[in-house]
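K.L.:
Quick one, what's the 3D model for this:
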Amino acid sequence: MISSIPLIILTAGSSSRMGTSKALLPWNKSTLIKELVDKYSKINQTVIVVSGSNHNALLSQNLQTSHIIENTNFKLGMGKSIAVGVNYVKTHFPEAKGVFIVTIDQPFIPLSHLQNMLATFKTNTIVVSSSEKGYRGIPSLFSSAYFKELVGLEDDRGAKPVCLKHKTHLRLVKTVHEDLDDMDTPEMYQKLKDRLRLNHQ
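P.N.:
Okay, here's the model as predicted:
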């Protein structure tokens, strides 16, 4: 089942608040993108990376995936990156039953959370992550029933329009809020790096 649900990592944003490409930030013994591709490859052999202005830099990273797709319109926002990734899935993996969507800046998502999402998945569902603090969003898992709408996205609202339109098909899977922390600023990056170091002690 998992092999028929490709996983898309979104990393096309301009990272304006971070000041540098998040994907290339040092993480563990490598870069964030290499670490996440390696991690997600353990749950799914089909990992797709949607790049933007960092495309050439990502090609030189020797990632454990051949699916590095450039979103040349990355300035339009996350929705466009989702559209580019899902269109690639439709074209190259026509048998796909759904698609996972994750972002580069949530490095502590446990694989067990994705497996819990998969256990909730049905043919017409949208499974989104939630936390005790009210978070709802990515990582998300969309059935192929929504591919056509996802391919039409092209602004900075991400997949929210699709989720709102199909609220009755939404399923929430809870995880610890700290697992969903994202690194939008240098300060948050440092905080999460400190946490990584503590985890390894």
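K.L.:
Who are the contact partners of residue 14?
P.N.:
Contacts for residue 14 were tallied using C-beta atoms under 8 Å, 6 or more residues apart in numbering; they are 52, 53, 74, 75. Heads up, the C-betas are built off the backbone N, CA and C, glycines and all.
K.L.:
Inside helices: which ones of the residues you listed?
P.N.:
Assigned to helices by DSSP state H, none of these qualify.
K.L.:
Narrow the residues you listed to those in strands?
P.N.:
Taking DSSP state E, every one of these sits outside strands.
K.L.:
Tabulate the residues you listed (a markdown table), appending pLDDT, neighbour count and distance to residue 126.
P.N.:
As requested, those are arranged in a markdown table below (pLDDT from 0 to 100; neighbours: other C-beta atoms under 10 Å; distance: C-beta to C-beta, whole Å):
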| residue | pLDDT | neighbour count | distance to residue 126 |
| --- | --- | --- | --- |
| 52 | 93 | 23 | 25 |
| 53 | 89 | 16 | 29 |
| 74 | 91 | 22 | 24 |
| 75 | 90 | 13 | 26 |
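K.L.:
host element of the residue nearest to the spatial centre of the chain?
P.N.:
By C-alpha atoms, centre = their mean, the chain has its centre lying nearest to residue 102, at 1.3 Å. Secondary-structure element containing residue 102, defined by DSSP states H and E: strand 98-103.
K.L.:
hang on, the earlier thing: I figured the residue nearest to the centre of the chain hits residue 33, correct?
P.N.:
No. If you go by C-beta atoms under 8 Å, residue 102 and residue 33 don't touch, sitting 11.8 Å apart.
K.L.:
Mutual contacts of these two, please.
P.N.:
Joint contacts of residue 102 and residue 33 (C-beta under 8 Å, 6+ apart) are residue 9.
K.L.:
Residue 4 contacts residue 99, doesn't it?
P.N.:
No. Residue 4 lies out of contact with residue 99 (C-beta under 8 Å); the separation is 10.0 Å.
K.L.:
Could you check which of those two is surrounded by more residues?
P.N.:
residue 99 (27 against 14; other C-beta atoms under 10 Å).
K.L.:
which residues touch the closest residue to residue 152 other than its chain neighbours?
P.N.:
Nearest-residue entry for residue 152: residue 83, 6.7 Å, with adjacent residues in sequence omitted and distances by C-beta to C-beta, 6 or more residues apart in numbering. Residue 83 makes contact with 150, 151, 152, 153, 154, according to C-beta under 8 Å, 6+ apart.
K.L.:
Among those, which lie within strands?
P.N.:
Among those, no member lies in strands (by DSSP E).
K.L.:
For residue 172, state which of those residues is nearest.
P.N.:
Lowest distance from residue 172 to the contacts of residue 83 (C-beta to C-beta) belongs to residue 150, with 19.1 Å.
K.L.:
just to revisit the earlier point, any idea how far the strand holding residue 102 is from the chain center?
P.N.:
Offset of strand 98-103 from its chain centre (C-alpha atoms, centre = their mean, to the nearest Å): 5 Å.
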